[in-house]
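[1] This is a predicted model, with the sequence first.
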Amino acid sequence: MPTPESWNSISKQIELATNTSFKIIDIQAVSGGCINSGYLIQSNNNRYFIKLNQTHLVPMFKAEFAGLAEIAKTKTIKVPKPILFGKTSEHAFLVLEHIELFSGNQQSDSQLGQQLAALHKTPQEFFGWHQNNTIGSTPQINTSTEQWPIFWQTNRLNFQLSLAEQNDFKGCLIESGKRLSNTLHHFFKGYTPQPSLLHGDLWSGNAAVTKQGEAIIYDPACYYGDRETDIAMTELFGGFGPHFYSAYNEYYPLDSAYLTRKTLYNLYHILNHLNLFGSSYQQQAQNMIDSLLSELC
């Protein structure tokens, strides 16, 4: 829990950002995920959700702020309004609009599918982004390029394999992973993705429904990339309901070879989990690499 001095500093920075008086009268610890600490802070006339972490992680919150703002600018899908990011002597912080969140239903799943498709249809000029950010607590490199396979090979697959090697996951995993990396062009024959603004970390824990029944997404790791990467991750950890996928495909149909590339795209996240959480993900990563390599035979 931050000290009273830190809360006072945050309160003053909120006042400057909003040009409105904000004196904290209540603080409640809430779930902020496994990376950050989360709190609901309240004054007499407003309340905000705030994430806290170590002071050197201000760039992480700066990138999340920018991602939320960019998604909101498209006016396609609801996200929490970012208020400000900054730091005190003790913490980096991100202040967001507070929204009560509820579980989805068939109607909200359909809405989410259609609105995500609309987000993905918004034209972008290149693959990458204006800044690097994080996926979990891992750096995510977004150096721009005009060639998607090169972007995925360099900034996603090779980056995670390099981290895995540094983390002493050697042998077959690294060798077969590099072999896969060198043959990525195979998975893009006859398929030329267009740059889309991606949420970047779209699993079921980062989507919900507001009290008014509106679909909402949050905790982004944005960049411009192949829209299939967002859809692939929705299927990785539990998935979304069938109404989500049918609505998405009705509005923006997926390519027939998506089912193969889905494994390629989700390999990035499994390798990231390997690097973050350890060897329990090693066999899953190896199985995915082997499955993809079998497509080359």
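    Thanks, I have the structure now. What you see is a predicted model; the values in this text were computed from it and never measured.
[2] and residue 66, what does it touch?
    Counting by CB atoms under 8 Å, 6 or more residues apart in numbering, residue 66 makes contact with 130-131, 222. For the C-beta atoms, the positions are set from N, CA and C on the backbone; glycine is no exception.
[3] Pick the one among those closest to residue 77.
    When these are compared for distance to residue 77, the smallest value, 12.4 Å, is given by residue 222; criterion: CB to CB.
[4] secondary structure class for the nearest residue to the closest one once chain neighbours are set aside?
    The spatially closest residue to residue 222, leaving aside those adjacent along the chain, is residue 67, at 3.5 Å (CB to CB, 6 or more residues apart in numbering). Under DSSP: H, G, I helix; E, B strand; the rest coil, the three-state class of residue 67 is helix.
[5] Also residue 216?
    When the structure is reduced to helix, strand and coil (three-state DSSP), residue 216 reads as strand.
[6] before we move on, what about residue 134?
    Using three-state DSSP, the structure places residue 134 in strand.
[7] my read: it touches residue 140, true?
    Yes: under the contact definition of CB atoms under 8 Å, residue 134 touches residue 140, with a separation of 5.6 Å.
[8] Looking at those two, which one has more neighbours?
    For residue 134 against residue 140, the residue with the higher neighbour count under other CB atoms under 10 Å is residue 140, and the figures read 22 against 18.
[9] Looking at strand pairing, list the partners for the more buried one.
    Here residue 140 shows beta-bridge partners residue 133, assigned using DSSP bridges.
[10] wait, what's in contact with it?
    For residue 140, the contacting residues are 132-134, 155, 200, 221, 223, by CB under 8 Å, 6+ apart.
[11] Tell me the one of those residues nearest residue 39?
    In terms of CB to CB, no member of those lies closer to residue 39 than residue 134, at 20.3 Å.
[12] What sits closest to the closest one if chain neighbours are left out?
    Sequence neighbours aside, residue 60 is the residue nearest to residue 134 in space, at 5.0 Å (criterion: CB to CB, 6+ apart).
[13] Show me what the mean pLDDT comes to for the helix or strand that neighbour falls within.
    Of the helices and strands defined by DSSP states H and E, residue 60 is found in helix 58-74. Mean pLDDT, helix 58-74: 98.
[14] Find the residues that touch each one of residue 134 and residue 140.
    residue 221.
[15] For the helix or strand in which residue 49 is found, which residues meet the burial criterion?
    Assessed by DSSP H and E, residue 49 sits inside strand 47-53. Of the residues in strand 47-53, those scored as buried under the neighbour-count criterion (16 or more other CB atoms under 10 Å) are 48-53.
[16] And for residue 222, the neighbour number?
    The number of residues packed near residue 222 is 24, by other CB under 10 Å.
[17] related to what we said a few turns ago, and which of the buried residues of strand 47-53 is nearest to residue 10?
    Within the set of the buried residues of strand 47-53, residue 50 lies nearest residue 10; the separation is 7.0 Å, counting by CB to CB.
[18] neighbours around the nearest residue to residue 71 once chain neighbours are set aside, how many?
    Take residue 71 and drop its neighbours on the chain: the residue closest to it by CB to CB, 6+ apart is residue 79, 4.9 Å away. Other residues lying near residue 79 total 22 when counted by other CB under 10 Å.
[19] what's the spacing between residue 79 and residue 141?
    The span separating residue 79 from residue 141 equals 23 Å under the rule CB to CB, to the nearest Å.
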